[in-house]
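Visitor: test case, fold it:
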Amino acid sequence: SQRDGGFTGQITANSFMKREFGKKLIEEFFPRVDLTHVIDTSGVYIPGHGTPTVVLVGRNQMPRQNDAVRAVLGVRGEPSQPADPEQGFVWQAIATQTRMPGSESDWVTVEDLNRTPFNHHPWSLSGGGASHLMAQLTPSTGIMKDATTRIGFFGDSHADEAFTLPTTGPLARKCQSLQAENSHRGDQTRDWTFSGHDLSVHPYTTEGELLEEADLAPAFVRHFWPLRTELWMRGTFGGSTYRDDDRKWWEWHQHPKDEKAGAYSITYSEVATHNHFVLDRNGKVFNRTAPIIKLPKEATEEQHLELLGLLNSSSACFWMKQVSHDKGSQSGTGGFMHDEWERFYQFAATKLSKFPLPKQFPLALSREIDALAQALATHEPSALAREAVPTREALDDARRAQEQTQARMIALQEELDWTVYGAYGLLTDDAVAQTSVPLDAGADVPKVALGQRAFEIVLARSGAETVWFDRHGSTPVTEIPDHWPDAYKKVVQARIDLIEANKDIRLIERPEYKRRWSIEPWEKREATALQNWLLDAAEREELWFEEQEGFTVPRPLTVNQLADELRHDKDVQDVATLYAADHLGKRDASLATVLAAVIEPEHVPYLAALRYKDSGLRKRAQWEQVWEQQREEDRTGQRLDIKVPPKYTSADFLKQSYWSHRGKLDVPKERFISYPGASPEADGSLLLGWAGWNHRDQADALVGMIRDRVENGGWAKEDPRFVPLLAGLREVLPWVHQWYGEYDEEWEGNPAEEFQAALETGRTERQLSESDLINWRPEKKTRGRPKKSE
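Guide: Just a heads-up that it's a prediction; the model follows:
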């Protein structure tokens, strides 16, 4: 018989419900089995498990189409981590209510639903009236796909580790020759603006054509040559490699041209807790985590702003979460989430393309909020530090201006959210009039602080357990602020009344769908801006070179010597004093102390043995073999079968700061080179070089250092401190031979030959073999107190 199947149940990740790979399961498999129960367990606290789940129950038999599916729909997640997971509110509600169709609690809704919707992808298991509200959000003028030419990624380099560069330091100075442009990631796309940026290597013309090798600057080729095999061996869609398919190693994996689209782009954060859309007018580059929305060439700025405002509304956030994949916790540890708004969602372009468009758009509000967002960026500490010498007064003024601007944005965002409710027909005409401020008639809104919005007042009054206020640094208030104008207080009261009376509005006016306005604390942003200003000053190119006998040579400096060079610069002294007082807690700290503090995380040692643990050194040896094979290819013109070397991990580096600058491919992105143990005898501070030195400069610095320690430093020739310096010279010489191996008129000789001779002389004088240099390791530091002498 086809009707005698036993029941089976399974708890599984719910990702199949909304992601494309689940389409076959839902539309081809489920129609052939008797699915009896679908239980949303994404809100249940499961120890050590942060992935959202669902429980499926069914029988291996053909279903009767008239049989309902018992659906347990989630309303709210566990408010706090229960001492006993079995006694959690959500789990207990599921256990109690599953046998009670039609029941509804604060945690779940149980319904017997028609089987047909469960045969169509995607699923939505939101209870509490979510399906009813989704039915109200229907298109009046079409869907997003109708108004756009494309929604998807700007491009995909498939080589972010190699092609993403820092915005400060030597590589940033060479951004033009490295074909690097301002770019943004999804997590930098926040609250109508960008919270930061990177530099992305983008070797394409303005028309989207890949640059030919002849058009690449020598600096580009030299920088990426060590990564050539890694880049060339990227996989293609056909299962081959770039090199096998005769693709250029500097090429992006995918790079749509958007020939039918205009210059503007609306970008957004693909994975986030809330909706964040930003209008880009400057043709920036975007990481694949920040997809773009392109409108036709004839689309005006106003049309972009109309769409921008709609997409940044709470209504859009609600709709997007109903159709998008819930990724749950993004802590990487399965960490507990106190509130529903903490869940991350993946807002895929395919889902967004179906977003319903109303007849009316909030253009005026969108235009003003967008303008305020641009103004907000000008008040950033980093923006101030770029334009002028930062002072306490200027920073305080910028902070006040930014706080005032954000308060205005919060107020206008509220107007936008409530205006959009009316646009979708969620409110009657009378309700629209009662809950709106007539801005077009000259009325205005007061500045609104976090914690003062209508839904937050309702939340505070409810006494519900939530981390919303603490997490956003706001104070819960239960009454409408007295200082607001009476007309505005009346509007806010009408909103509160509607939240309490209207189920649809109550569902959408919740933290899950309302803008968080979460921003990194001012103090941290200010500290970073001051650090970067001081580091830029310490990185001035003229500090790191000097004239000797008519030649410009690299000049290593200790931190103390660097401080001496900058001591007479009043601006440097003032900024250092400001940073010391307000961010180091050392008002009287010397310039050397301040520089040591800001430089500490910004240097990486010159020698592999000082950078890596043994595991990293083994990987480094494999990379060196690859480079030798690449050099042979260049010499002979014959392709070799070169294996892709292994990527590094954080566990391969001796310090976390080294890893943060080098990453998986060991790309040097630091500001300074350090020479531990090589400082002059009378100076205990760290010896530094500039990371902007080329390989010839680095070799020259080491040769000069060795000579100086013998002639002026008082080091005996057999001093063991020479061994790592010679080992460092040995490491850099292959690059000097590669790039500076011919006669140089300015040098009046062959640099590579001279440095090679210096290495051989240094080894011979100290009776050191090649293996002595290769196998040198720093002494391991012992921990604990020294033993007392007897």
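
Visitor: alpha carbons only for contacts and neighbour counts from here, please
Guide: OK.

Visitor: what lies in contact with stretch 477-488?
Guide: 437, 445-446, 451-452, 456-458, 460-461, 489, 492-493 (CA atoms under 8 Å, 6 or more residues apart in numbering).

Visitor: and those residues, which of them are in helices?
Guide: 456-458, 460-461, 489, 492-493 (DSSP state H).

Visitor: show me how to select, in PyMOL, the buried members of these.
Guide: Of the ones in helices among the contacts of stretch 477-488, the buried ones can be selected in PyMOL as follows, counting by 16 or more other CA atoms under 10 Å:
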select buried, resi 456+457+458+460+489+492+493
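
Visitor: return the member of the ones in helices among the contacts of stretch 477-488 nearest to residue 581.
Guide: Closest approach to residue 581 among the ones in helices among the contacts of stretch 477-488 (CA to CA): residue 456, at 37.1 Å.

Visitor: got the contact list for that closest one?
Guide: 476-477.

Visitor: tell me the confidence at it?
Guide: With respect to pLDDT, residue 456 scores 98.

Visitor: next one: residue 665
Guide: Reading off the model, residue 665 has pLDDT 98.

Visitor: excluding chain neighbours, what is closest to it?
Guide: residue 647 (5.8 Å; CA to CA, 6 or more residues apart in numbering).

Visitor: just the closest of the contacts of stretch 477-488 to residue 544, please.
Guide: residue 451 (51.3 Å).

Visitor: contacting residues for that closest one?
Guide: Taking CA under 8 Å, 6+ apart as the definition, contacts of residue 451 comprise 457, 469, 474-477.

Visitor: what about 10 Å?
Guide: 457, 459-460, 468-469, 472-478 (CA atoms under 10 Å, 6 or more residues apart in numbering).

Visitor: if I look at the residue nearest to residue 665, how far off is residue 223?
Guide: Using CA to CA, to the nearest Å, residue 647 is found at 18 Å from residue 223.

Visitor: buried ones in stretch 211-223?
Guide: Result for stretch 211-223 [16+ other CA under 10 Å]: buried residues 211, 219-220.

Visitor: among those residues, which lie within strands?
Guide: Cross-referencing the buried residues of stretch 211-223 against strands under DSSP state E gives no overlap.

Visitor: any chance of those in CSV, with pLDDT and distance to residue 715 too?
Guide: CSV is the format used below for those (pLDDT from 0 to 100; distance: CA to CA, whole Å):
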residue, pLDDT, distance to residue 715
211, 97, 52
219, 96, 37
220, 97, 40
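
Visitor: could those go into a markdown table alongside distance to residue 70?
Guide: Converted to a markdown table, the buried residues of stretch 211-223 look like this (distance: CA to CA, whole Å):
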| residue | distance to residue 70 |
| --- | --- |
| 211 | 59 |
| 219 | 64 |
| 220 | 61 |
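
Visitor: and of the residues you listed, the nearest to residue 417?
Guide: residue 211 (45.1 Å).

Visitor: for that closest one, list the residues it contacts.
Guide: 179, 202-205, 248, 250-251.

Visitor: now do residue 449
Guide: 403-404, 406-411, 474-475.

Visitor: most surrounded residue in those?
Guide: Within those, most neighbours by other CA atoms under 10 Å means residue 409, with 26 neighbours.

Visitor: ok, it touching residue 517?
Guide: Yes: between residue 409 and residue 517 there is a contact at 9.5 Å, judged by CA atoms under 10 Å.

Visitor: mutual contacts of those two, please.
Guide: The contact lists of residue 409 and residue 517 share residue 191, where a contact means CA under 10 Å, 6+ apart.

Visitor: gap between residue 680 and residue 711?
Guide: Taking CA to CA, one finds residue 680 at 12 Å from residue 711.

Visitor: now, which of the contacts of residue 449 sits nearest residue 363?
Guide: The closest of the contacts of residue 449, once distances to residue 363 are taken by CA to CA, is residue 409, at 14.7 Å.

Visitor: what distance do you get for that closest one to residue 368?
Guide: 9 Å.

Visitor: and residue 377, by the same measure?
Guide: 14 Å.

Visitor: check residue 382 too.
Guide: Applying CA to CA to residue 382 and residue 368 gives a distance of 24 Å.

Visitor: next step: the contacts of residue 451 restricted to strands.
Guide: Per DSSP E, the contacts of residue 451 never map to strands.

Visitor: want to throw the residues you listed into TSV with distance to residue 339?
Guide: Shown next, in TSV, are the contacts of residue 451 (distance: CA to CA, whole Å):
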residue	distance to residue 339
457	17
459	13
460	14
468	8
469	11
472	13
473	16
474	16
475	17
476	16
477	19
478	20
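
Visitor: quick one: which of those sit in helices?
Guide: Short answer: the contacts of residue 451 in helices (DSSP H) are 457, 459-460, 468-469.

Visitor: what's the first helix or strand after the longest helix seen in the chain?
Guide: The longest helix of the chain (DSSP H) is helix 392-423. Counting by DSSP states H and E, the element after helix 392-423 in chain order, helix or strand, is helix 429-435.

Visitor: so which elements touch that following helix?
Guide: Contacts defined by 3 or more CA pairs under 10 Å, 6 or more residues apart in numbering; DSSP states H and E place helix 429-435 against helix 392-423, helix 486-501.

Visitor: re earlier: need the overlap of contacts for residue 680 and residue 711.
Guide: In contact with both residue 680 and residue 711: residue 705, using CA under 10 Å, 6+ apart.

Visitor: just want to know which of those two has more residues nearby.
Guide: residue 680 (19 against 12).

Visitor: and the more buried one, what element?
Guide: Going by DSSP H and E, residue 680 is not in any helix or strand.

Visitor: roughly how far does it sit from residue 722?
Guide: Residue 680 is 13 Å from residue 722, by CA to CA.

Visitor: mutual contacts of these two, please.
Guide: With CA under 10 Å, 6+ apart, residue 680 and residue 722 have common neighbours 705, 709, 715.

Visitor: helix/strand/coil for the last one?
Guide: Per DSSP: H, G, I helix; E, B strand; the rest coil, the secondary structure class of residue 715 is coil.

Visitor: spatially nearest residue to it (excluding sequence neighbours)?
Guide: residue 709 (5.6 Å).

Visitor: need the residue closest to the centroid of this protein.
Guide: residue 187 (4.3 Å; CA atoms, centre = their mean).

Visitor: give me the pLDDT value at the residue nearest to that residue when sequence neighbours are not counted.
Guide: Nearest non-adjacent residue to residue 187, counting by CA to CA, 6+ apart: residue 269, 6.2 Å away. Among the per-residue scores, residue 269 shows a pLDDT of 98.

Visitor: same check, this time on residue 81
Guide: 84.

Visitor: ditto for residue 378
Guide: 96.

Visitor: now swap in residue 537 and tell me
Guide: 98.

Visitor: against residue 380, how distant is the closest residue in space to it that isn't next to it in sequence?
Guide: In this structure, residue 537 finds its nearest non-sequential neighbour in residue 572, 7.3 Å apart by CA to CA, 6+ apart. Computed as CA to CA, the residue 572 to residue 380 distance reads 20 Å.
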